[in-house]
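Colleague: Take this sequence and fold it.
(one chain, ligands or ions: 1)
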Amino acid sequence: MSDLKILFDKNVQWSEEIVQQSPGFFETLSKQQAPEYLWIGCADSRVPANEIVGLLPGELFVHRNVANVVNHTDLNALTVMQFAVDVLAVKHIMVVGHYGCGGVNCALHNTRVGLADNWLRHVQDVHIKYRDRIDAIPEKNRVDVLCELNVLEQVANCARTTILRDAWERQQDLTVHAWVYGLKDGRLRDLGLSMSSSDDIGGQLAAAAALVLARWNS
Ligand code: CO
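Modeller: Just a heads-up that it's a prediction; the model follows:
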């Protein structure tokens with residue numbers, strides 16, 4: 001316990017600082033949450049969702065897993081999305097990958113790490129889909145290319161869920177975005193794929209992927 005005391009101390013300090021800046025903050029927040037955004041990101045400890053975009057508790061709904069995968073039958077991710085869309089009515093979902101992602105790196109190089117191999121199989125599927133074009137890119141850049149392509153594919157996976165299709169069917173204002181975060185500079189980049197309807201999901205995905213691959217090839 002003694003080695004964890006520092007975390008409790010830091011927690012007291014953090015909560016006191018927030019109350020100092022904004023008296024009644026936690027009391028107000030405890031009564032409701034009304035975030036406008038759902039962040040789907042990697043579980044990597046270097047990619048802390050709220051801090052990166054400077055948002056306070058209550059402002060960002062978050063789901064994180066290894067390599068920011070949105071799998072069609074992942075009840076956990078689907079439940080988070082359904083709650084965010086149907087109950088909280090978030091306006092934006094951002095799938096956020098990050099350069100140098102360990103999960104993507106394992107998938108790219110077929111590195112065995114254990115049970116996680118089965119999860120990362122989804123990222124390997126992305127690699128297989130674009131393999132020829134990724135192989136044409138210098139080796140040192142391939143992980144980051146796959147990080148970007150993986151985000152695009154997961155955005156399409158979001159768009160293809162019944163949750164988003166139903167929301168768009170009832171004209172709900174909701175857009176899914178593809179972002180990537182740089183561990184080396186702390187900056188977010190928009191990958192140029194934003195979906196706000198079910199129209200031509202495959203076409204939008206293909207166009208965005210072509211742009212990503214062309215950029216890394218130039
Ligand atoms: Co990662």
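Colleague: Next, count neighbours for residue 65.
Modeller: Number of residues near residue 65 (other CB atoms under 10 Å) recorded here: 17. C-beta here means a position set from N, CA and C on the backbone, and glycine is covered the same way.
Colleague: same deal with residue 78?
Modeller: 18.
Colleague: Now do it against the ion, distance only.
Modeller: 21 Å (CB to the ion, to the nearest Å).
Colleague: tell me the domain boundaries of this structure?
Modeller: Using automatic domain parsing, the domain ranges for the chain come out as 1-32, 36-217.
Colleague: and those domains as JSON lines, adding mean pLDDT?
Modeller: Listed next are the domains of the chain as JSON lines, based on pLDDT from 0 to 100:
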{"stretch": "domain 1-32", "mean pLDDT": "93"}
{"stretch": "domain 36-217", "mean pLDDT": "97"}
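Colleague: what about the lengthiest helix in the chain, near the ion?
Modeller: Among the segments of the chain that qualify as a helix by DSSP state H, the longest is helix 116-135. No - residues of helix 116-135 contacting the ion under CB under 5 Å from the ion: none, with a closest distance of 9.9 Å.
Colleague: contacting residues around that helix?
Modeller: 65-67, 69, 71, 103-104, 106-108, 110, 113, 142, 145-146, 149-150, 153, 209, 213 (CB atoms under 8 Å, 6 or more residues apart in numbering).
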